[in-house]
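1. A structural model of the following input is requested.
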Amino acid sequence: MTGNHTTSISETRQQITRLYVAELINKAREQVIGFTLKPEDVFVRFDLRGTTAGQGGYFSDEQGFGVKFNLHLLNENWQDYLDETIAHEVAHVVVTAQYKHSNGRRPKPHGREWQMVMRNVFNTEPQRTHDYDVAACRVRTVKRYKYKCSCRTHMLTSIRHNRILRGEQVYHCRSCKGTLTLV
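-> I've put the predicted structure just below:
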């Protein structure tokens, strides 16, 4: 295949994905009482990298409700994206927009509400994870830092390490409940 042919296939699949997301949002509007999001209220992007196939929900640091897809995995697993992945991510949008428990917390990401939307609205059997071949996907490696508690040593990612340094978070051992400290 030439580069131009591959690009046009990818662009066509992106457009089909956008249309399918809109179709699923409209289906949810018809079948989920009180669900009011419109397709134009939900952004669709193709900028995920690594081994994540997709993400859906509310993105407070971005444009609001939306779905993000890994373009490489979408192109390599096109039929499976149409059969499952797109609906999986749109179901997260529906659940995030529609359900909030009385205590103010959101439902579990793959909890009963999400499963209900997958089965009853999108007619798709819910699955939490994909089994795509991700060997060709570049995965970011995260540096790890050694921390200790009173019972053992823990390895924390640079993300958690930086949260501790900024004073945003304190982590505790699940076993001894001791505060983790940098070694």
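
2. who's in contact with the residue lying farthest from the centre of the chain?
-> Distance from the centre of the chain peaks at Ser150, with 35.2 Å (Cα atoms, centre = their mean). Counting by Cβ atoms under 8 Å, 6 or more residues apart in numbering, Ser150 makes contact with 173, 176, 178. Glycine gets a C-beta too; all of them are placed from N, C-alpha and C.

3. packing partners for the longest helix along the chain?
-> If each helix of the chain is counted by residues according to DSSP state H, the longest one is helix 3-31. Under the contact criterion of 3 or more Cβ pairs under 8 Å, 6 or more residues apart in numbering; DSSP states H and E, helix 3-31 touches strand 43-45, helix 71-76, helix 86-98.

4. Please identify the buried residues of it?
-> Across helix 3-31, burial judged by 16 or more other Cβ atoms under 10 Å covers 10, 13-14, 17-18, 20-22, 24-25, 27-28.

5. and that helix, what's its mean pLDDT?
-> Throughout helix 3-31, pLDDT has a mean value of 88.

6. relative to helix 86-98, how tilted is that helix?
-> Between helix 3-31 and helix 86-98, the angle formed by their directions is 40 degrees, by axes from the mean of the first three to the mean of the last three Cα atoms, to 10 degrees.

7. Assess the claim that Gln55 and Arg49 are in contact.
-> No. Counting by Cβ atoms under 8 Å, Gln55 does not reach Arg49; the two are 11.6 Å apart.

8. Neighbour count for the two, which is higher?
-> Gln55 (16 against 13; other Cβ atoms under 10 Å).

9. what sits against the more buried one?
-> Contacts of Gln55 by Cβ under 8 Å, 6+ apart are 48, 67-68, 89, 92.

10. Try it again at 10 Å.
-> Neighbouring residues of Gln55 by Cβ atoms under 10 Å, 6 or more residues apart in numbering: 45, 48, 66-70, 89, 92-93.

11. Repeat that for Gly64.
-> If you count contacts by Cβ under 10 Å, 6+ apart, Gly64 has them with 37, 41-43, 58, 97.

12. Can I get the buried ones among those as something I can paste into PyMOL?
-> Selection of buried members from those for PyMOL, criterion 16+ other Cβ under 10 Å:
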select buried, resi 37+42+97
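
13. of all the contacts of Gly64, which two lie farthest apart?
-> Phe43 and Ala97 (13.2 Å; Cβ to Cβ).

14. any residues in contact with both of these two?
-> Common neighbours of Phe43 and Ala97 (Cβ under 10 Å, 6+ apart) are 64-65.

15. Ile43: what's its closest spatial neighbour, skipping adjacent residues?
-> I think there's a mix-up here, since residue 43 is Phe and not Ile. Once flanking residues are discounted, Phe43 sits nearest to Gly66: 3.7 Å by Cβ to Cβ, 6 or more residues apart in numbering.
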